[in-house]
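> what follows is a predicted structure for the sequence shown.
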Amino acid sequence: MITYIDDIKDIDDSQVINIPTDNVTPILTIKDLTVDLSSKQSGSYGTIIKDINLSLGSEVLALIGESGSGKSTLAKSIIGILPSNMKTRATAMHLSIKPHEPSVNLMEIQSQKKARGQHISMIMQDPKYALNPALTLKKQLELAYLGKLNHIEKQTYFNDILAQVGLNHTVLTQKPSALSGGMGQRFMIALALLNKPKLIIADEPTSALDADMKQHIMTLLIDRCKQHNIGLLLISHDLQAVTQFADRILIMKSGEIVDSGDRTTLQSSNHPYTRLLWSCRPSAKTYGKFLASTEQNQ
């Protein structure tokens with residue numbers, strides 16, 4: 001049965017298929033997720049992503065593909081921030097908050113809104129565009145915080161969250177424009193951790209950083225996720241860069257999952273698109289040579 005997010009009332013938990021995650025209890029379960037784009041002129045639908053099935057536990061699951069493959073559309077459909085001309089349908093999309101308790105039905109609009117920011121956080125590509133430039137960092141933490149601590153306890157908690165990502169509490173009086181790229185992404189991680197979510201979606205979280213800072217921020221993000229048993233959906237276009245961090249990897253092309261595995265199995269994958277992604281990155285061996293292009297595989 002396929003259900004539309006506009007029409008759905010409830011999904012029986014018996015419909016959820018628990019896709020294996022290497023003995024990791026699933027936090028996020030998605031079955032048959034499709035996103036359609038409507039045309040204002042004709043009113044007809046075209047499919048952006050099709051029949052996505054995945055399950056994510058307290059682990060790092062990387063979603064890899066070239067620009068336009070549908071990675072960010074998938075992420076936005078999970079958290080419920082797709083534009084109005086996109087329509088989501090799925091057999092099931094559930095978030096498990098606590099063991100042995102009913103899961104949150106992410107295909108139900110109100111449940112999805114409640115989960116967003118509380119149980120699911122998202123780290124965008126560039127803090128310059130994700131943060132409000134007119135507000136201090138303290139104000140942005142206060143607006144995002146959903147807990148019930150009193151004023152003094154809350155300030156202590158904010159300081160602790162900042163310390164976890166290597167920021168001094170003195171940055172709270174500053175606005176985003178005062179932060180370097182690395183500091184901005186640290187603060188984005190702090191925002192993502194603020195309400196102790198079960199799932200963090202990181203959409204190209206280091207794309208605006210230099211190589212050394214990329215490594216540092218990724219290590220920091222994954223360490224904090226493992227420390228708090230948070231599931232991390234890591235979106236990237238760079239297969240080789242994420243293999244050192246991901247427990248499992250999904251390869252996405254033209255809106256579909258075309259390959260999957262861990263860092264070992266994917267290195268020997270026979271799928272032509274996966275092999276192409278491996279060969280796209282420059283190295284000492286490719287110096288002075290033309291690199292493979294995804295356009296060659298269209």
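On my side now, so go ahead.
> run through the strands of the stretch 51-200 of the chain in chain order.
60-64, 86-90, 92-95, 104-105, 120-123, 199-203 (DSSP state E, counting those that start in this stretch).
> show me where pLDDT drops low in the chain?
Across the chain, the ranges flagged by pLDDT under 70 are 1-24, 42-44, 281-298.
> surely Gly166 touches Leu221?
No: under the criterion of CB atoms under 8 Å, Gly166 is not in contact with Leu221, lying 11.6 Å apart. (C-beta placed from N, C-alpha, C; glycine too.)
> neighbour count winner among these two?
Each of Gly166 and Leu221 has its neighbours counted (other CB atoms under 10 Å); Leu221 has more, 27 against 14.
> quick one: the closest residue to that one other than its chain neighbours and Ile97, what's the gap?
With CB to CB, 6 or more residues apart in numbering as the criterion, Leu221 has its nearest non-adjacent residue at 5.5 Å, and that residue is Ile189. Using CB to CB, to the nearest Å, we find Ile189 at a distance of 21 Å from Ile97.
> same deal with Arg248?
Applying CB to CB, the value for Arg248 to Ile97 is 22 Å.
> neighbour count: these two, which is higher?
Legend: neighbour count by other CB under 10 Å for Arg248 and Ile97, higher for Arg248 (21 against 15).
> name the residues linked to the more buried one by a beta bridge.
Leu61 (DSSP bridges).
> correct me, but it touches Ala62?
Yes: the criterion here is CB under 8 Å, and Arg248 meets it with Ala62 at 7.3 Å.
> spit out the contact partners of the residue nearest the centre of the chain.
Centre of the chain computed as the mean C-alpha position; nearest residue by CA atoms, centre = their mean is Ile201, 2.1 Å away. If a contact means CB atoms under 8 Å, 6 or more residues apart in numbering, then Ile201 has Ala75, Ile78, Ile79, Ile120, Ser121, Met122, Ile123, Leu233, Ile235 as its contacts.
> pretty sure the last one belongs to a helix, no?
Okay, so that is Ile235. No: read with DSSP: H, G, I helix; E, B strand; the rest coil, Ile235 is strand and lies in no helix.
> what about it, distance to Ser67?
Note on Ile235: its distance to Ser67, by CB to CB, is 11 Å.
> neighbour-wise, which of those two wins?
Neighbour comparison, Ile235 and Ser67: the larger count goes to Ile235, with 24 against 9 (by other CB under 10 Å).
> from Gly70, how far off is that one?
From Ile235 over to Gly70 (counting by CB to CB), the distance is 10 Å.
> the closest residue to Leu106 other than its chain neighbours: neighbour count?
Nearest residue to Leu106 in three dimensions, chain neighbours excluded: Met93, at 4.3 Å (CB to CB, 6+ apart). As a burial measure, Met93 scores 28 neighbours (other CB under 10 Å).
> may I ask you to confirm that Pro197 is in contact with Arg116?
No: judged on CB under 8 Å, Pro197 makes no contact with Arg116 at a distance of 9.7 Å.
> if we can go back for a sec, the strands of the stretch 51-200 of the chain: which one's closest to Leu131?
strand 120-123 (11.3 Å; CB to CB).
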